[in-house]
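Peer 1: Provided below for reference: sequence and predicted model.
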Amino acid sequence: MSKQNNFNYHGWLILDKSINISSAKAVNIVKKIFNVKKAGHAGTLDPLATGVLPVAINTATKTIPYLVNTEKTYRFIIKWGEQTDTDDTEGEIINKSDDRPSEQDIKKILKLFTGKIEQKPPRFSALKINGKRAYKLARNKDEFEISSRVVKVLDLKLLKCIDDNFAEFQVTCEKGFYIRSLARDISLKLGTFGHVYTLKRTKVGRFNIKDAFPLETLEKLVHSAPAGKMAKDFLLPLDCVLDDIPALHISDEEAKMFCHGQAINKKISSDYIPNGSDVLVKNREISLGIAVFFEESLKPKRVFSNFIY
């Protein structure tokens, strides 16, 4: 594989993140494997969590905001009888209980954790409290409070009771949701303690775990692939996360204007594109960027392909 920077690679890589590696480190490894300077992920996974980590490469980083807000699905195992200060296996045990919930009891309370619910994030989290990360305050044993906030659970189900000490669940939720908090709160509602024993993200928006590449597999395949074949085999188009916004095709002349940051006058029915809406702008089937439509004008918001014109 060539050692020159691959500026022509633009798109999404679906990574199956392994355990004991941070999301940031995983992205840095991807940058090294693909030999690109610019990459970013959509939706952080804790080091102990595994599964789907979408990574945007080069120009695709401009579409990250459109994926961050999509729904996510996780499978996780709760270990009953022990509460840790981190609400996962990394922390110290702070409470114990001999009580173990029955399958029937678990199923009865799940409806209390669906829809819009109040949730208090873990003390060991990246939230900022008076300008400082909560996990840093927690490590220093500082006193602080984290406020509850409203989050949304679209679906929650018990997959199986593995034995008296472990049960596996699946949840689909919106952004800002903490699985560790859910495990903590389910356990307390059942009259016991518990923490996340394993956690795997299986879906982010349209991206599924079955389409994800482990880092180890990716590295082996990339080094054995012919030059230029990498993007075709591993990367999805940069606009694949933009299915939910309307697309509009423009002329060659308008494309030149758009790619140089100039607004384009367009008479478009407000029934098709309401004022203030984002629009995917295309020319000759190439996605040029995203514009905001307002009062018969397309104003560039994020330009992808200024290098074409």
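Peer 2: On my side now, so go ahead.
Peer 1: distance of residue 108 from residue 182?
Peer 2: The spacing between residue 108 and residue 182, counted by Cβ to Cβ, to the nearest Å, is 16 Å. For the C-beta atoms, the positions are set from N, CA and C on the backbone; glycine is no exception.
Peer 1: Sorry, slip of the keys, the one I care about is residue 281.
Peer 2: Distance from residue 281 to residue 182, by Cβ to Cβ: 40 Å.
Peer 1: quick one: which of those two has more around it?
Peer 2: Comparing residue 281 with residue 182 by other Cβ atoms under 10 Å, the one with more neighbours is residue 281, at 29 against 24.
Peer 1: In a strand, the more buried one, correct?
Peer 2: Yes: Residue 281 forms part of a strand when assessed by DSSP: H, G, I helix; E, B strand; the rest coil.
Peer 1: Surely it and residue 257 touch.
Peer 2: No: shown here, residue 281 and residue 257 do not form a contact pair, counting by Cβ atoms under 8 Å, at 10.6 Å.
Peer 1: Give me the neighbour count for residue 246.
Peer 2: So residue 246, with other Cβ under 10 Å, has 14 neighbours.
Peer 1: Could you tell me the per-residue confidence at it?
Peer 2: Residue 246 is assigned a pLDDT of 91 by the prediction.
Peer 1: Contacts only, for it.
Peer 2: Residues near residue 246 by Cβ atoms under 8 Å, 6 or more residues apart in numbering: 272, 273, 277, 279, 280.
Peer 1: ditto for residue 150
Peer 2: Going by Cβ under 8 Å, 6+ apart, the list of residues near residue 150 reads 116, 117, 118, 119.
Peer 1: CSV for these, including distance to residue 267, pLDDT and neighbour count?
Peer 2: Below are the contacts of residue 150 laid out as CSV (distance: Cβ to Cβ, whole Å; pLDDT from 0 to 100; neighbours: other Cβ atoms under 10 Å):
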residue, distance to residue 267, pLDDT, neighbour count
116, 40, 97, 10
117, 45, 97, 18
118, 47, 96, 10
119, 46, 96, 21
